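>>> Next one to model:
(2 chains)
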Amino acid sequence: AQKVTQAQTEISVVEKEDVTLDCVYETRDTTYYLFWYKQPPSGELVFLIRRNSFDEQNEISGRYSWNFQKSTSSFNFTITASQVVDSAVYFCALSEAESGGSNYKLTFGKGTLLTVNP
Amino acid sequence: GAVVSQHPSRVICKSGTSVKIECRSLDFQATTMFWYRQFPKQSLMLMATSNEGSKATYEQGVEKDKFLINHASLTLSTLTVTSAHPEDSSFYICSARGGGWIVDTQYFGPGTRLTVL
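A predicted model of the protein is given here:
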């Protein structure tokens, strides 16, 4: 069975601080995908990144960066110089590949509520 | 690209009525659509998976006669909550995945907040 753990339920920072959101996953599959989604107060889930299990390169997109480490089964997300607009719930998710007819079902973590104060 | 819409965004209904929620992929063909339910301050709970032209696959514990799902075309799936009761009040979110470069990613709609009085 797959499992995603986001141990940080809530994080509060002051604007311009850097913040890292942790994500640890469990899976028996050798091929899988990891995701981060952002859910602002409006409710819509916004896709941020997808990483497949064969690609351990870290990625940077503007103020966002992701650190994927298979050795520790972690896929952490860092926001540099946080802004008030970054306030949201962030979900880490895991999906199997298509084999076995999984349709890429997502297993979500419980989410981390990030509050960035001015 | 990869935009998913949902309608209505908010609905209030009386107990015993049925409510239909539409989910549309606007700029891609959705091979598979998913329906989730989210309670306040909780994660998303997958209710069912639907592929175009076939019956939906429901997760354990989800009543298929209560939550009717139709995926009639590659761009439209509907969720009908039949004989709604106050305990069905929740935030319902759909997602869609397509082919090609987005085959392995689910894109989410904005959600529908259902309140049953």
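
>>> got the residue ranges for the strands in the chain?
Here I'm looking at chain A. For chain A, the strands defined by DSSP state E cover A:3-5, A:10-14, A:19-21, A:24-26, A:32-39, A:46-52, A:59-61, A:64-69, A:74-79, A:88-96, A:106-108, A:112-117.

>>> That was the other one, I meant chain B.
Remark: strands assigned in chain B by DSSP E are B:4-7, B:10-13, B:19-25, B:32-38, B:44-51, B:57-58, B:67-73, B:76-81, B:90-97, B:107-108, B:112-116.

>>> got the contact list for the fifth one?
Taking contacts as C-beta atoms under 8 Å, 6 or more residues apart in numbering or on different chains, the residues outside strand B:44-51 that touch it are A:45, A:91, A:103, A:105-106, A:108, B:31-39, B:56-59, B:62, B:64, B:67, B:69-71, B:77, B:79, B:93. (C-beta placed from N, C-alpha, C; glycine too.)

>>> So which residues on chain B come close to chain A?
With C-beta under 8 Å from any C-beta of the partner chain as the criterion, chain B meets chain A at residues B:2, B:32, B:34, B:41-44, B:46, B:49, B:51, B:91, B:93, B:95, B:97, B:103-111, B:113.

>>> which residues of chain A score low on pLDDT?
With pLDDT under 70 as the threshold, chain A has low-confidence stretches at A:97-103.

>>> Residue numbers of it in contact with chain B?
Counting by C-beta under 8 Å from any C-beta, chain A sits next to chain B at A:33, A:35, A:37, A:42-47, A:50, A:52, A:91, A:95, A:97-98, A:103-106, A:108-111, A:113.

>>> Please pick the buried ones from these.
Buried subset of the residues of chain A next to chain B (neighbour count, 16 or more other C-beta atoms under 10 Å in any protein chain shown): A:33, A:35, A:37, A:43-45, A:47, A:50, A:91, A:95, A:103-106, A:108-111.
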